[in-house]
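[1] let's see this in three dimensions:
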Amino acid sequence: QVQLVESGGGLVQPGGSLRLSCAASGFTFSSYAMSWYRQAPGKERELVAITSAGGSTNYADSVKGRFTISRDNAKNTLYLQMNSLKPEDTAVYYCVKRKGSSRYTQEDYWGQGTQVTVSS
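    From the prediction side, this is the model:
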């Protein structure tokens, strides 16, 4: 079955960096678009970044220029490099598989999430 396991979250100071990883299994990783979402306390879940199977990407305006989504199909792993972190980036981050190869397909499987806390 599909499994998505996030790692790499933690506590970081403002201005710092973190790299999240998502180990995927149970499907042909290279054939599907993948994405990262986040949810902060008391806020709605939001799409952070998305990559198609071919590597095309989109980002939320709030993270453009600071976050980079990438994938290693040989390792079945999705990444989110987060730089210049701000307190408002504090949230649980989720790895999400899409239903097809395009960025514009719906999400269908979610990981369990990893906590990112940006605080001094």
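[2] list the buried residues of stretch 7-27.
    Gly8, Gly9, Val12, Leu18, Leu20, Ser21, Cys22, Ala23, Ala24, Phe27 (16 or more other Cβ atoms under 10 Å). The C-beta positions use only the backbone N, C-alpha and C, and glycine is treated the same way.
[3] can you check stretch 74-94 too?
    For stretch 74-94, using 16+ other Cβ under 10 Å, the buried residues are 76-80, 82, 85, 89-94.
[4] what residues are bridge-paired with the spatially most central residue of the chain?
    Nearest to the mean C-alpha position of the chain, counting by Cα atoms, centre = their mean, stands Trp36 at 2.6 Å. Beta-bridge pairing of Trp36 under DSSP bridges involves Ala49, Cys95.
[5] quick one: which of the buried residues of stretch 7-27 is nearest Val118?
    Within those, the smallest distance to Val118 is 5.7 Å, found for Val12 (Cβ to Cβ).
[6] is it true that the closest one touches Thr117?
    Yes: counting by Cβ atoms under 8 Å, Val12 does reach Thr117; the two are 7.3 Å apart.
[7] so for these two, which residues contact both of them?
    Counting by Cβ atoms under 8 Å, 6 or more residues apart in numbering, Val12 and Thr117 have no contacts in common.
[8] what residues does the strand or helix carrying Gln81 touch?
    Assigned by DSSP states H and E, Gln81 belongs to strand 77-82. Residues from elsewhere that reach strand 77-82, judged by Cβ under 8 Å, 6+ apart: 17-24, 34, 36, 48-49, 51, 63, 66-72, 89, 93, 95, 116.
[9] again, only using 7 Å
    With contact meaning Cβ atoms under 7 Å, 6 or more residues apart in numbering, strand 77-82 is reached by 17-24, 34, 36, 49, 66-71, 89, 93, 95.
[10] swap in stretch 107-120?
    Residues outside stretch 107-120 that contact it (Cβ under 7 Å, 6+ apart) are 2, 4-9, 11-14, 18, 20, 22, 35, 85-87, 89-99.
[11] try stretch 17-24
    Residues contacting stretch 17-24 (Cβ under 7 Å, 6+ apart): 4-10, 12, 76-83, 85, 93, 95, 111, 114, 116.
[12] what's the average pLDDT for the strand holding Gln81?
    Mean pLDDT, strand 77-82: 98.
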